[in-house]
Structure formats: C-alpha cells, structure tokens
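A.B. asks: Got a sequence here, can you model it:
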Amino acid sequence: MRSSEAVVCPALSCEGVQMERRYLPNIAVAPPAVKVVLISEAAAAVEGDDYYQGPAALYEQTTLAAFASAGLEAGSLRALLERGIYCTTAVKCGKVGYSVPTAAIRSCSLLLERELALFTGVRAYLLMGDVAIKAVNAIARRNREARPIPAGPTYRIRGGEFWWRGARAFPSYLQAGPSYGIEKTKVAMIAEDIAAALRLASGG
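C.D. replies: Here you go, the predicted model:
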C-alpha cells in the first residue's frame, strides 16, 4: 500500500501554509514492519525536496546525514524504510514564513492521525521540532488522551521518558531542510535521540 493513497486530504482550508505544496509520502510501505516513525515539520518549500523524492531531495540528504551521525548508514530513505523507519511531516503543506500557524497544525493533525493509524507496531516516535510535538499533542487532546509531551522548550524536555499509545516519544530538533547542521550541538543531540529510538526499536 501507499500512505499517500490511504490518507487523502479532504481539501482542508488552512491559512498560513502553501496549499499548492501539499505532499504526502508517495511510497509503498508494509505497515506492520514500521517500528520507528520520524515526524518533522512541514512539506518542503520546493517541489522535489520532500521525503522519498530521490537522492537529490533536500529532506533525503539531511535525514540520511542525521541517521549517519547516529551510527546508521543508509543509501536512501527507502533503505531506512526497509529497516522499519518511516519518515513523514506533521503538516502536509509547505510553510509560508518561518513558522507554521497553530491553527494549521491542528487542522493537519487530522491527516497525521490517519497516517499514524496505519502503523500498529510502532515502538518509537521521533518528534523533530516544535511543529511535530504540537501535532502529536493536538491528536492526543482531540481524543481526550493525556498530553504526551509536556510544555517547555525542547532543551528542557528532551531526554525525558514520554510515552504515547504504547510507544516511546522522543522530542528532538528539526533534522530536515536547510537549517540542519547550523548548530553543531543540535546535530549531536539529534543523533543521540535517533540512536536511542533505534535501540528501543531493536529491543535494546
């Protein structure tokens, strides 16, 4: 199955995003095999830079670099998927400015919720950045669940033990896109979070 076919956007009207840049991962996936789900911010600003768009895609390059820093070398995101690691975005449209409006995060979390429901064997969620954290909290709030990730800046809550729907949730920093690699301390922390998620997924 393809997640882009299983999760169809009902033409939500979301302010503050580029609706013409709507994208869901167009990749064949075996849901039971997925053990780690990485959720980053929003669809890429430029068409062709999204997840699973090939080796020239910015999201592919920066994400593979992040996993390599965590000790997992892979030639492509498809190779990561074969290892049970699925990548997606919290918001399915591109950003207009620096940030994504809270209303757009809440609206698009409906799509993210449907997408995540495909994967019933997830052991770890990597929440890469504030938008991903807010989206997961929005899903939990809508379903009257306890808030998975507490309020606070990432540097304070990162490293805490948080669980959501039977899986460990790792709040971390954004790894996809042009900002990756600017702050070396964040690169190291991202690598630590990915490595911890991988250990958990492998039973370590």
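
A.B. asks: Show me how far stretch 50-58 is from its chain's centre.
C.D. replies: Relative to the centre of its chain, stretch 50-58 is centred 15 Å away, using C-alpha atoms, centre = their mean, to the nearest Å.

A.B. asks: number of nearby residues for I194?
C.D. replies: By other C-beta atoms under 10 Å, 27 other residues sit near I194. (Glycine included, C-beta is placed from N, CA and C.)

A.B. asks: a strand runs through it, doesn't it?
C.D. replies: No. I194 is assigned helix when assessed by DSSP: H, G, I helix; E, B strand; the rest coil, not a strand.

A.B. asks: Tell me how far the spatially most central residue of the chain lies from N137.
C.D. replies: In the chain, the C-alpha nearest the mean C-alpha coordinate belongs to I39, at 0.8 Å (C-alpha atoms, centre = their mean). Note on I39: its distance to N137, by C-beta to C-beta, to the nearest Å, is 12 Å.

A.B. asks: ok, back up a step: does the residue nearest to the centre of the chain really touch V122, like I thought?
C.D. replies: No. Counting by C-beta atoms under 8 Å, I39 sits too far from V122 to count as a contact (11.0 Å).

A.B. asks: what sits against the residue nearest to the centre of the chain?
C.D. replies: I39 makes contact with 88-90, 112, 125-128, 132, 135-136 under the criterion C-beta atoms under 8 Å, 6 or more residues apart in numbering.

A.B. asks: Next: A167.
C.D. replies: Residues in contact with A167 (C-beta under 8 Å, 6+ apart) are 122-125.

A.B. asks: Phi first, then psi, for it.
C.D. replies: Torsion angles at A167 (phi, psi; degrees, to the nearest 10) stand at phi -120, psi 150.

A.B. asks: With the one 5 residues further on instead?
C.D. replies: Here the main-chain torsion angles of S172 (degrees, to the nearest 10) amount to phi -140, psi -160.

A.B. asks: How about it, nearest residue that isn't a chain neighbour?
C.D. replies: D193 (4.1 Å; C-beta to C-beta, 6 or more residues apart in numbering).

A.B. asks: same deal with A66?
C.D. replies: Distances taken as C-beta to C-beta, 6+ apart put Q175 closest to A66, at 4.1 Å, once the chain neighbours are dropped.

A.B. asks: cool, L72 as well?
C.D. replies: Nearest non-adjacent residue to L72, counting by C-beta to C-beta, 6+ apart: L198, 6.3 Å away.

A.B. asks: just checking, that neighbour is part of a helix?
C.D. replies: Yes. With three-state DSSP as the criterion, L198 is located in a helix.

A.B. asks: looking at it, it is touching V36, isn't it?
C.D. replies: Yes. The criterion here is C-beta under 8 Å, and L198 meets it with V36 at 6.9 Å.

A.B. asks: what about these two, which has more around it?
C.D. replies: Neighbour count, other C-beta under 10 Å: between L198 and V36, V36 has more, with 25 against 22.
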